[in-house]
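Trainee: return atomic coordinates for the entry below.
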Amino acid sequence: MIINIDYIPKIEKVNITSNPYNKILWRGFYTFLCDFLPSTIISYSEISISFAWRYFLAMRNVVAQYAKAHVGEIKIKLTDSAKQALKKATATDYFSSISAKKITEEEVTKILVSHGFKRQLTDNQRTNLSKIATLSGAATFSVPGAGKTTEALAYFFINSNPDDRLLVVAPKNAFGAWEEQLAACMGEDYPYTFVRLRGGEVTIQNLLRSQPKFMIITYDQLTRIKGTIVAMLSDERIFMFLDESHRIKGGMQAKRAEAILELAHLPKRKMIMSGTPMPQSPKDIVSQFTFLYPTKGNDEKNVIDLIQPIYVRTTKGQLGIPDVERKVTTVRMSPLQRQIYDSLKSEMKRQINPVLDDTSKYALRRIGKCVMLVMQFVSNPSLLSNNMSYIFDHRVGQLLLTTDGPKIEYVCKKARKLVSEGKKVIIWSSFVQNVELIALRLSDLGAEYIHGGVDAGDEDEFDTREGKIKRFHEDLSCMVLVANPAACSEGISLHQVCQNAIYLDRSFNAAHYMQSEDRIHRLGLPRNAHPQVEFVECEDSIDQVIRARLTHKVDLMAAALNDKSLNVAPTEIYYDDPDEDDIENMSVDDAKAVIDYFFGGV
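Mentor: As a prediction, the model looks like this:
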């Protein structure tokens, strides 16, 4: 039986047929495929077998071995389309890429000058580009402010021909930075800028008809118009970069990852960019590596080793950024809050008990929702009143009449102390109600707030995200900014005017935490600066579980990236004065830590 393998570029699938048809051999081949791929992704009939081309690329050697084991019974035949697609994949595979001869730092500079690249690279950037310039898929994991965008643009110009183009996938709040950096690298008179691919699919298709040289699109928009992007990438002259590439790691990002991985074999060259590439565990980097090298099998056990030859990272230590001082201030709950907290903890144990041995997404979401409720109560008892199960508990009402809780009281008091010393301060909370409440409590200090409900827009508009940030930078009467890490942890720099941060609470999302801290701890700080970060925790509470998990995650990433500056263990101080996205970011290990806490205590 001859097995015909064809590549269908329009739908990015492999289509397999047989000639002549042999029921036993055909069924046996399908069973073999199901040993390596979930049957749910394979379309099977007596006429054909079809599934995503990227899966075939990953298992092509296994298919060849199967045919060899059945010599005399089965013969593989590739169509011209399949041969061309495989040839392209082989040319850019992992081992060919890492074996390619590197270019020197002098050659990096010479090539860039020949392209009209005007920005002067730093020593770190030249060293990084010398390592990754010849790779077909590269990664830059440098810390914020180190110039990842400049490195990425330099990588493009080093490798591009005049007709080559670039597609960047990035968060919306990074669009402006790409436009600014392109102008800075190539000069204000450079005739090209980034075309923003936004609006409906028809609008974007019209934009693409002019074949723009530089394009930028959000992850979610790409997912919605994947077919249009696939058609464009089939041009074979397009580079594709993922900015904040950890956004395809999993959870709610699974659809993004699937969409991007289905077209991963199409770009001419690729790059991933993130200062926090594995915020939860090594598993986070698997899909990112697969985007770069879809034919190289990897998993969380070997991906750290595989990533070593293809990534660069400029650390805060290399940049000479002053160390940040971190401390934990522990406050005590009132007797009434402790009584309600213990009751709440018992109720959460009851709800979690049925899923103790379950690691499904449903179980993780159930545990995550319980944890969010406990986190809310610890940070601000009034948030519990939003949960109908407890709104009629007279003890909650009694507590609300008395106080906002010890954490908010302490945070407001500490913010006032810092402002009295002439220091601006940013206050972080995972909960929108807390963000608005603290801004209200500190309104006499000109407090502004930013969360997901604050629209992006012109910096001259008072109520936009950009307008509030500009006011915090320039207005001496605006001394406090209160923000949600999910909405304000990327794309802004506060270090020139603010070197003090207070965390009312934190979630298990290590990326949000590290990126939010980087708003005040980044390149550009004066050498004599003394940035300070304070975490406010309630004694004997879920806060200690979250701190331990975040510290563990950061330590794992530090080891994987050989970055000793990634150390977030704080000094502890005792004070004796009486978001849906984070649910999705709870890992199995986070859930185990929570279960240990609920059923064994801190």
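Trainee: which residues sit against stretch 458-468?
Mentor: Applying CB atoms under 8 Å, 6 or more residues apart in numbering, the external contacts of stretch 458-468 come out as 173, 448-450, 454-457, 469-471, 481, 487-488. The way it works is simple: take the backbone N, C-alpha and C, and place the C-beta from them, glycine included.
Trainee: restricted to helices, list those.
Mentor: Applying DSSP state H to the contacts of stretch 458-468, the entries found in helices are 469-471, 487-488.
Trainee: give the contact list for Glu105.
Mentor: If a contact means CB under 8 Å, 6+ apart, then Glu105 has 126-127, 129-130 as its contacts.
Trainee: what do you get if the cut-off is 6 Å, keeping everything else the same?
Mentor: Contact criterion CB atoms under 6 Å, 6 or more residues apart in numbering gives 126, 130 as the residues in contact with Glu105.
Trainee: stretch 472-492: which residues count as buried?
Mentor: 472-473, 478-492 (16 or more other CB atoms under 10 Å).
Trainee: sorry, back to before: as JSON lines, the ones in helices among the contacts of stretch 458-468 with distance to Ile427 and pLDDT would be great.
Mentor: Rendered in JSON lines, the data for the ones in helices among the contacts of stretch 458-468 read as follows (distance: CB to CB, whole Å; pLDDT from 0 to 100):
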{"residue": "Ile469", "distance to Ile427": "15", "pLDDT": "93"}
{"residue": "Lys470", "distance to Ile427": "19", "pLDDT": "93"}
{"residue": "Arg471", "distance to Ile427": "16", "pLDDT": "95"}
{"residue": "Ala487", "distance to Ile427": "14", "pLDDT": "82"}
{"residue": "Cys488", "distance to Ile427": "11", "pLDDT": "77"}
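Trainee: so for Ile367, what's the pLDDT?
Mentor: The per-residue pLDDT reported for Ile367 equals 79.
Trainee: from the middle of its chain, how far away would the helix or strand encompassing it be?
Mentor: Following DSSP states H and E, the helix or strand that holds Ile367 is helix 361-379. In terms of CA atoms, centre = their mean, to the nearest Å, the centre of helix 361-379 is set 21 Å apart from its chain centre.
Trainee: does anything pack onto that helix? Which helices or strands?
Mentor: Packing partners of helix 361-379 (3 or more CB pairs under 6 Å, 6 or more residues apart in numbering; DSSP states H and E): helix 335-352, helix 542-560, helix 588-600.
Trainee: the same query, at a cut-off of 7 Å, please.
Mentor: Packed against helix 361-379 by the contact rule (3 or more CB pairs under 7 Å, 6 or more residues apart in numbering; DSSP states H and E) you find helix 335-352, helix 542-560, helix 580-584, helix 588-600.
Trainee: return the most buried member of the ones you listed.
Mentor: Counting by mean count of other CB atoms under 10 Å, helix 542-560 has the highest mean neighbour count of the helices and strands packed on helix 361-379, with a mean of 20.
Trainee: quick one: contacts of it?
Mentor: The list of residues contacting helix 542-560 from outside it, by CB atoms under 7 Å, 6 or more residues apart in numbering, reads 278-282, 304, 371, 374-375, 378, 506-508, 510, 513-514, 535, 537, 564, 566-569, 590, 593-594, 597, 602.
Trainee: one more: stretch 137-151?
Mentor: Contact with stretch 137-151 is made by 97, 119, 122, 124-125, 128-129, 132, 152, 155, 177-178, 181, 185, 270-275, 277, 292-293, 307, 310-316, 319, 518, 522-524, 561, as judged by CB under 7 Å, 6+ apart.
Trainee: so Phe157 touches Gly116, yeah?
Mentor: No: counting by CB atoms under 7 Å, Phe157 does not reach Gly116; the two are 8.4 Å apart.
Trainee: looking at these two, which has the bigger crowd around it?
Mentor: More neighbours surround Phe157 than the other of Phe157 and Gly116, with 17 against 12 (other CB atoms under 10 Å).
Trainee: could you measure from that one over to Ala486?
Mentor: With distances defined as CB to CB, to the nearest Å, the gap from Phe157 to Ala486 amounts to 34 Å.
Trainee: could you tell me how far Pro354 is located from Ile367?
Mentor: Spatial separation of Pro354 from Ile367 under the definition CB to CB is 11 Å.
Trainee: those two: who's more crowded?
Mentor: Neighbours around Pro354 and Ile367, counted as other CB under 10 Å, are more numerous at Ile367. The numbers are 25 against 10.
Trainee: of the contacts of stretch 458-468, buried ones?
Mentor: A residue is treated as buried here by neighbour count (16+ other CB under 10 Å); on that basis the buried members of these are 173, 448-450, 454, 469-471, 481, 487-488.
Trainee: show me where the stretch 201-350 of the chain has helices.
Mentor: Taking DSSP state H, counting those that start in this stretch as the criterion, the stretch 201-350 of the chain contains helices spanning 201-208, 219-224, 226-233, 254-261, 286-292, 303-307, 316-319, 335-352.
Trainee: on that earlier part again, any chance of the helices and strands packed on helix 361-379 in JSON lines, with distance to Asp220 and mean pLDDT too?
Mentor: JSON lines is the format used below for the helices and strands packed on helix 361-379 (distance: least, CB to CB, whole Å; pLDDT from 0 to 100):
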{"stretch": "helix 335-352", "distance to Asp220": "32", "mean pLDDT": "84"}
{"stretch": "helix 542-560", "distance to Asp220": "25", "mean pLDDT": "92"}
{"stretch": "helix 580-584", "distance to Asp220": "13", "mean pLDDT": "46"}
{"stretch": "helix 588-600", "distance to Asp220": "25", "mean pLDDT": "73"}
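Trainee: select, out of those, the one closest to Lys226.
Mentor: Among these, the nearest to Lys226 by CB to CB is helix 580-584 (21.4 Å).
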